[in-house]
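# I'll drop the sequence and a predicted model, then ask my questions.
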Amino acid sequence: MAADARLTSVMLVGALRRRVGAAGGFATILCKGDEISGVILIQTLEKGQFSGLFERVSNFDGGHALLRCGPSPDEGMEALDAYLARRRRSDPDLWVVELDVAEAERFAVETLC
């Protein structure tokens with residue numbers, strides 16, 4: 001593999017879906033983005049209740065990190081929906097993946113970062 005080769009967004013999302021499914025959870029693609037380099041947002045749920053929104057970002061050391069973004073869970077689903085609509089308008093290549101599994105954030109970090 002070339003030194004500058006990297007995993008595509010579709011590969012990362014696919015791996016995340018398989019890992020979450022193998023753990024007995026659910027991973028749903030809410031918005032499919034650019035397969036090569038689309039930004040990935042992870043919407044986490046705990047027992048069906050929204051618990052956070054995270055974005056995969058470059059850490060400028062050649063790797064990636066998962067940072068909390070968007071509205072907090074206590075702001076409600078309307079705030080989340082409005083935030084996601086704004087993000088999709090400004091970046092139609094954006095992925096939004098919903099994870100409903102125990103320790104969803106850990107799964108996302110281990111797979112995407």
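Yep, it's here.

# residue boundaries of the strands in this structure?
Ranges of strands in the chain, per DSSP state E, are 26-31, 40-46, 49-58, 64-68, 95-100.

# if I pick the most centrally placed residue in the chain, what's in contact with it?
Among the residues of the chain, the smallest C-alpha distance to the mean C-alpha position (Cα atoms, centre = their mean) belongs to Ile42, namely 2.4 Å. Ile42 is in contact with Leu53, Phe54, Glu55, Arg56, Leu66, Val97, Glu98, Leu99, Ala104, Glu105, Ala108, Leu112, counting by Cβ atoms under 8 Å, 6 or more residues apart in numbering. Quick note: C-beta positions are derived from backbone N, CA and C, even for glycine.

# of all the strands of the chain, which lies closest to Leu80?
When those are ranked by proximity to Leu80, the top entry is strand 49-58, at 6.3 Å, counting by Cβ to Cβ.
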